[in-house]
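Participant: Build the 3D model from these lines:
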Amino acid sequence: MNILVVGGGGREHALSWKLAQSRLCSALYAAPGNAGICESSECNGIAADNIDEIVAFAQDRKIDLVVIGPEVPLVAGLTDILKEKGFKVFGPSRAAAQLEGSKAFMKDMCAKYGIPTAAYGRFTDLDAARTFIRTHGAPIVVKTDGLAAGKGVIICQSVEEAEKAAEEMLSGAAFGDAGTEIVIEEFLEGEEVSFFALADGKTVVPLLSAQDHKRVGDGDMGLNTGGMGAYAPAHFMTPELEKEIFDRTIKPLIDGMAKEGCPFTGVLFAGLMVKDCEPTLLEYNVRFGDPECQPLMMLLKSDLLEILLAAAEGRLDEVADQIEWRNATALCVVMAAKGYPGDYEKGSVIDLDHAESETEHCKIFHAGTCRNGEGQLVANGGRVLGVTALGNTAKLAQERAYHAVDLIDWPDGFCRRDIGWRAVKSEGES
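Facilitator: Sure, this is the predicted structure:
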């Protein structure tokens, strides 16, 4: 099969790496790809949101399956256009992608289908938003309705902070058009977790849990980011809690989307808060998480291409019982350019030779890399590398990942030094 992966981040490198291992894969392409993806794929440099060029490329290379990684082309309707041209696609339609493209739509779906989520209000008017904030008090959460690269959620510790966030979003000063409508919701306490499932419009299959680290600094301090690291599975996940999450937040949503006339095909990513073993939904995403995807792909024993093809063809039930996972922990440490998530410079040289030759049980996924005119590997984004390791315990996976990090020669990069701390602490207490 000829496979096209749309995207150029760490998630897409992990997907490409796993797809390349399939017995069904004869040619693998990426749009745009990155320096790491180019090791196993032909990267064409086409931007992930350039729908016309992606369609033309798929036609030219006779692509058998398109796997769409990022949310932006999904929300823009790339799946629909490719399907109209006769291509098989793994990824939801534009209508179904509203679950991530519009937080207001997502919250309304939760209300309609009885999915437990935080109390909320939708606002386009600043005065109404201020009244809601003052009525409910702080802490309180202010979110952009639209896409904001994982940064459009502000947890406000005071009424004044919340009013300022609402004003900056609604004015367009903070997130442009993504903030022309906002969602304000109650602050939930507990432990956050990500849970993933596959769907083909009718059948839905649970995958694994993971735990992301959104804050830029150790101890969960500093600004929100797209994710500074993740591990899987989550340390507190049990079969009982997994069933509770699936029955209350995954299955009702998939059934509801079908009833609404926009059946969901692809990967559903539920962000949840768990307190006293009770899950409450924070948000849905319509793609694999980044960096959660990297640990998931390290743990997956089964043929990813066979699974995604079955989902795209509406026969997920045929492979549901064949999905196997390693009995281990996988942990990903994100290395970012200094200054991220604020201003940062591109073009700094990275030397991976020592790290890649001296590490076992570890894979360095590229997120924001390219080659300069001299052929050197250089940083080309904010989040640049995802150093991912396997271990029989979270502590061992953490040690292996940071051993690899310390072998990377990149003076202009940084990382958190505590990824997986909750799981390591839990192991020490058990």
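
Participant: show me where pLDDT drops low in this structure?
Facilitator: 150, 430 (pLDDT under 70).

Participant: Name the residue closest to the centre of it, please.
Facilitator: residue 289 (1.5 Å; Cα atoms, centre = their mean).

Participant: so who does that one touch?
Facilitator: 11, 194, 196, 210, 212, 227, 230, 269 (Cβ atoms under 8 Å, 6 or more residues apart in numbering). Placement of C-beta: from N, CA and C, glycine included.

Participant: can you map out the helices along the stretch 301-430 of the chain?
Facilitator: Along the stretch 301-430 of the chain, the stretches classed as helices by DSSP state H, counting those that start in this stretch are 304-312, 353-357, 394-406, 421-429.

Participant: Spatially nearest residue to residue 413 (excluding sequence neighbours)?
Facilitator: Spatially, and ignoring its direct neighbours in sequence, residue 413 is nearest to residue 335 (4.7 Å; Cβ to Cβ, 6 or more residues apart in numbering).

Participant: Neighbours of that neighbour, how many?
Facilitator: 24 (other Cβ atoms under 10 Å).

Participant: Pull the contacting residues for it.
Facilitator: 383, 384, 385, 386, 387, 405, 408, 410, 413, 414, 415.

Participant: What residues are bridge-paired with it?
Facilitator: residue 385 (DSSP bridges).

Participant: Please report how far it lies from residue 368.
Facilitator: 10 Å (Cβ to Cβ, to the nearest Å).

Participant: Check the contact lists of those two and give me the overlap.
Facilitator: 383, 384.

Participant: Going by distance to residue 331, which of the contacts of residue 335 wins?
Facilitator: Nearest to residue 331 among the contacts of residue 335: residue 387, at 9.0 Å, using Cβ to Cβ.

Participant: Which residues are in contact with the closest one?
Facilitator: Contacts of residue 387 (Cβ under 8 Å, 6+ apart): 332-335, 355, 362, 364-365, 401, 404-405, 408, 415.

Participant: Tell me the most packed of the residues you listed, by neighbour count.
Facilitator: residue 332 (35 neighbours).

Participant: wait, what's in contact with that residue?
Facilitator: Counting by Cβ under 8 Å, 6+ apart, residue 332 has contacts 10, 229-231, 291-292, 294-295, 365, 386-388, 401, 419.

Participant: Go through those residues and name the one nearest residue 95.
Facilitator: So of those, ranked by how close each gets to residue 95 (Cβ to Cβ), first place is residue 292, at 24.8 Å.

Participant: list the contacts for that closest one?
Facilitator: 194, 196, 210, 212, 227, 230, 232, 269, 332.

Participant: I'd like the distance between the closest residue to residue 376 other than its chain neighbours and residue 249.
Facilitator: Nearest non-adjacent residue to residue 376, counting by Cβ to Cβ, 6+ apart: residue 349, 5.1 Å away. Going from residue 349 to residue 249 by Cβ to Cβ gives 44 Å.

Participant: So residue 417 sits against residue 218, correct?
Facilitator: Yes: counting by Cβ atoms under 8 Å, residue 218 is a contact partner of residue 417 at 5.8 Å.

Participant: Look at stretch 315-324 and report the distance between its end residues.
Facilitator: Chord length of stretch 315-324, first to last residue, is 18 Å (Cα to Cα, to the nearest Å).

Participant: tell me which residues of that stretch are tucked away?
Facilitator: Within stretch 315-324, the residues that count as buried by 16 or more other Cβ atoms under 10 Å are 316, 319, 320, 323.

Participant: What of stretch 400-413?
Facilitator: Here stretch 400-413 shows 400, 401, 402, 403, 404, 405, 407, 408, 410, 412, 413 as buried, counting by 16+ other Cβ under 10 Å.

Participant: so, if you compare these, which one comes nearest to residue 49?
Facilitator: Nearest member of the buried residues of stretch 400-413 to residue 49, counting by Cβ to Cβ, is residue 413, at 26.8 Å.

Participant: Quick check on residue 168: phi, psi?
Facilitator: Per-residue torsions, residue 168: phi -70, psi -40 (degrees, to the nearest 10).

Participant: count of neighbours near it?
Facilitator: 15.

Participant: Residue 27 now?
Facilitator: Neighbours of residue 27 (other Cβ under 10 Å): 14.

Participant: and if you look at the one 4 residues further on?
Facilitator: Using other Cβ under 10 Å as the criterion, residue 31 is surrounded by 27 other residues.

Participant: Was I right to think it contacts residue 46?
Facilitator: Yes: under the criterion of Cβ under 8 Å, residue 31 makes contact with residue 46 at 4.1 Å.
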